[in-house]
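Novice: Give me a 3D structure for the following:
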Amino acid sequence: MPVINVKMTHEDGGATKEQKEQLAKGITELFAKTFNGRGASSAVVIIEEVSTDNYSVGGKTISQIRSEAKN
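Specialist: Below is the predicted model:
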């Protein structure tokens, strides 16, 4: 059983339920296409939204980086 984990930043209210459903469907279809139909019926897609305060690059949170870019 494939387990596919998607991590993305949670911004502006986050992804909608519909967007998450569409993403999970698209990822599952791509997985099945790539692996000749295998795994589509048992694929698990986990969508994890991460606060920009909990995600950093080069020692600065994404919130800090974006705040500095605006100035």
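Novice: could you pull out the strands for this structure?
Specialist: Counting by DSSP state E, the chain has these strands, from start to end: 3-10, 44-51, 56-57, 60-61.
Novice: Relative to N36, which of the ones you listed is closest?
Specialist: Across these, the minimum distance to N36, taken as Cβ to Cβ, is reached by strand 3-10, at 16.8 Å. To be clear about C-beta, it is placed using only N, CA and C from the backbone, and glycine gets the same treatment.
Novice: what lines up beside that closest one in the sheet?
Specialist: Paired with strand 3-10 in the same sheet, following DSSP bridges, are strand 44-51 (parallel).
Novice: Off-centre distance for the strand it pairs with?
Specialist: From the chain centre to the centre of strand 44-51 is a distance of 5 Å (Cα atoms, centre = their mean, to the nearest Å).
Novice: For it, buried residues please.
Specialist: Residues 45, 47 are the ones in strand 44-51 that count as buried (16 or more other Cβ atoms under 10 Å).
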